[in-house]
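Enquirer: my questions concern the predicted model and sequence given below.
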Amino acid sequence: MQIQTEGVVIRVAAVGESDRLVTVLTRDRGVVRAFARRSRAANSRLVSATQLFCYARILLFCGKDKYMIDDAQPLEVFFELRQDIGRLALAQYFCELAGTLAPQEDKEQAAAFLRLLLGAFQRLCKGGRPLALVKAAVEMRMLGLAGYQPDLIGCAQCRRYEDETMRFFPVEGDLLCSACCEKAGRQGSVILHRGALTALRHTIYAQEQKLFSFALGTQGLQELAGASERYLLARLDRGFHTLDFYHSIPQETGSASPKEKACTAPAERRTS
């Protein structure tokens, strides 16, 4: 049986002399692994469409226990991701996250994950946002799509919506206001000032097309980045090689471009 779908290549492994085993986040079938015969050959019609990050229209042959790529046409290769080591590292991390969290055989959720990954790639290519902001937004939204949504409505005990500072607990996935935190005596929290808390809520509750439409100052961005990453690692209880690689990049190498740095100054919501 043949199936035509669209998807992003999130992992590539060489097989034999000229084949590839490709992992694709598809619109209809979630994450699938498929063989692409002779796709590493220079004259192969599959050579471009089976490269990492490529968004392609794919014709899959579904066997009893495996998929084969019969044909594929690239729709977008996201060349700009390879022009900056920070963006490249972050895109690889997003691919590993998608491979871990995205479903199989769940069409609705698969489509949502695919839209998120494409939106993240487009934002990275376009620039205009700090890498840490894009990273936090994608981490929290992917976790939410996978069913790991934290309770950010208000303090877990008194339900206070906001305070001068709130404490976010990555292990429990909830908030405490200053007074309740002092009474509870809980450890292992991330301090969130108002701007960072608003941004963290935005990553979960904002409309899909507005996911990256906010800005934070340096302190707020650090708080947001710390909260999102600690929550992800606590929920999934595992590490990621691509995340380690991202953090190994010197700050000046993987930092935002001058255009992006200008966006971090105003701690205010953006509209586009």
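Expert: That came in fine, so what should we check first? For clarity, every value in this text was computed on a predicted model and none was experimentally measured. Numbers count the residues shown, from 1 in each chain.
Enquirer: would you map the helices across the stretch 151-272 of the chain?
Expert: Here the stretch 151-272 of the chain has its helices, by DSSP state H, counting those that start in this stretch, at 178-184, 194-205, 218-236, 241-248, 251-254, 258-261.
Enquirer: can I get the ones you listed in TSV with mean pLDDT, distance to residue 81 and mean neighbour count?
Expert: No exception for glycine: its C-beta is placed from N, CA and C like everyone else's. Listed next are the helices of the stretch 151-272 of the chain as TSV, based on pLDDT from 0 to 100; distance: least, C-beta to C-beta, whole Å; neighbours: other C-beta atoms under 10 Å:
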stretch	mean pLDDT	distance to residue 81	mean neighbour count
helix 178-184	93	40	15
helix 194-205	98	21	20
helix 218-236	98	20	20
helix 241-248	97	13	15
helix 251-254	46	13	12
helix 258-261	38	15	12
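Enquirer: which one of those helices lies nearest to residue 128?
Expert: helix 258-261 (6.1 Å; C-beta to C-beta).
Enquirer: and the helices of the stretch 151-272 of the chain: which comes nearest residue 100?
Expert: Proximity to residue 100 (C-beta to C-beta) singles out helix 218-236 among the helices of the stretch 151-272 of the chain, at 6.9 Å.
Enquirer: so what touches that closest one?
Expert: Applying C-beta atoms under 8 Å, 6 or more residues apart in numbering, the external contacts of helix 218-236 come out as 97, 100, 130, 132-133, 135-136, 139-140, 143, 148, 150, 168, 170-171, 173, 190-193, 195-196, 199-200, 203, 216, 239, 243, 264, 267.
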